[in-house]
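K.L.:
Provide a 3D model corresponding to the input given below.
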Amino acid sequence: MPRILLVEDDADIVANLTDYLKHEGFSVDCAAGQSDAMKLFHKNCYDLALLDVSLSDGNGFSVCSALKSESLVPVVFLTASGDEYSVVTGLDIGADDYISKPFRPRELVSRINSVLRRAGAVKSAVRFGNIAVDTQRALVTKNGRDVYLSALEYRLMLIFAGNPGVLLTRSRLLEEIWDVSGEFVNDNTLTVYIKRLREKLEDDPQNPKYILTVRGLGYKLEGVQ
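P.N.:
Numbering: from 1, shown residues only. As a prediction, the model looks like this:
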């Protein structure tokens, strides 16, 4: 049963949404503000956080930033209809999706399930050769030593880790990282980031064993145990 952290200070919305989500097979914990949300988050494990922007204590942006700094938990924002600023800000700080109020409960559940499917594509621990990826702690190690990856490099790593042995076209990779990157990403930029990722992970970046090029098509991750 997926467990959701609902952070919303409107009691009526909390009551109605909690009942509906539980009816749809979710477990729901509720918090009205930032401090209560973080207390629950540090106490329990959640599959997804559902955040309102305006809260009685703090705001949804701060909660999202705090959650993303400590974990890979997916975040879906609830935003006021037509509030483009909130949508852009939420995506810029790492939100996985958003839905505008008023929303239809079925649409919200559909969006939640979509985000959960994407998040579930990556196992909690992936190993290939001397590389280990711990998605729970957002940590990558090589020979037991931490490897520093930028946010976009780490996103690329997660995409590869979630699709071991699968050919990933350049267009698919660009599509996957476009919404979560805070910078412009084009075909040339992707090439640069693949090169950087190899330099940090491969013993011989010029002759990679793990992130392989499929000439004219894309890339694939080999050697996953």
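
K.L.:
CA atoms only: put the one helix or strand Tyr20 maps to into PDB for me.
P.N.:
Assignment of secondary structure by DSSP states H and E places Tyr20 within helix 11-23. Once non-C-alpha atoms are left out, helix 11-23 reads as follows in PDB (Å, rounded to 0.1, in the frame of the first residue of the first chain):
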ATOM      1  CA  ALA A  11      -9.300  21.000   7.000                       C
ATOM      2  CA  ASP A  12     -12.100  20.300   4.500                       C
ATOM      3  CA  ILE A  13      -9.600  19.400   1.700                       C
ATOM      4  CA  VAL A  14      -7.600  17.200   4.100                       C
ATOM      5  CA  ALA A  15     -10.700  15.300   5.200                       C
ATOM      6  CA  ASN A  16     -12.200  14.800   1.700                       C
ATOM      7  CA  LEU A  17      -8.900  14.000   0.100                       C
ATOM      8  CA  THR A  18      -7.800  11.600   2.800                       C
ATOM      9  CA  ASP A  19     -11.000   9.600   2.500                       C
ATOM     10  CA  TYR A  20     -10.800   9.400  -1.200                       C
ATOM     11  CA  LEU A  21      -7.100   8.400  -1.300                       C
ATOM     12  CA  LYS A  22      -7.700   5.700   1.400                       C
ATOM     13  CA  HIS A  23     -10.600   4.400  -0.700                       C
END
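
K.L.:
Which residues are in contact with the residue most central in space within the chain?
P.N.:
The geometric centre of the chain, computed from its C-alpha atoms, lies nearest to Pro74 (C-alpha atoms, centre = their mean), at 4.9 Å. For Pro74, the set of contacting residues under the criterion of C-beta atoms under 8 Å, 6 or more residues apart in numbering consists of Asp47, Leu48, Ala49, Asp96, Asp97, Val115, Leu116, Arg118, Ala119. Bear in mind the C-beta positions are built from the backbone N, C-alpha and C, glycine included.

K.L.:
State the pLDDT value of it.
P.N.:
Confidence per residue is given as pLDDT, and for Pro74 that number is 88.

K.L.:
same thing with Arg118?
P.N.:
At Arg118, the pLDDT value in this model is 73.

K.L.:
now the strands for the chain?
P.N.:
With DSSP state E applied, the chain shows strands at 3-7, 27-31, 48-52, 75-80, 97-101, 125-128, 131-134, 139-142, 145-146, 168-169, 211-214, 218-221, listed in chain order.

K.L.:
ok now the first one, how far from the chain's centre?
P.N.:
So the one you mean is strand 3-7. If you compare the mean C-alpha spot of strand 3-7 with that of the full chain, they lie 15 Å apart, counting by C-alpha atoms, centre = their mean, to the nearest Å.

K.L.:
For it, C-alpha coordinates in PDB please.
P.N.:
This file holds the C-alpha atoms of strand 3-7, laid out as PDB (Å, rounded to 0.1, in the frame of the first residue of the first chain):
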ATOM      1  CA  ARG A   3       2.100   5.700   1.700                       C
ATOM      2  CA  ILE A   4       1.500   9.400   1.100                       C
ATOM      3  CA  LEU A   5       2.400  12.500   3.100                       C
ATOM      4  CA  LEU A   6      -0.300  15.100   2.600                       C
ATOM      5  CA  VAL A   7       0.700  18.600   3.600                       C
END
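
K.L.:
quick one: contacts of that strand?
P.N.:
Around strand 3-7, the neighbours that count as contacts under C-beta under 8 Å, 6+ apart are 14, 17-18, 21, 26-34, 37, 40-41, 44-52, 55, 60, 63, 73, 112.
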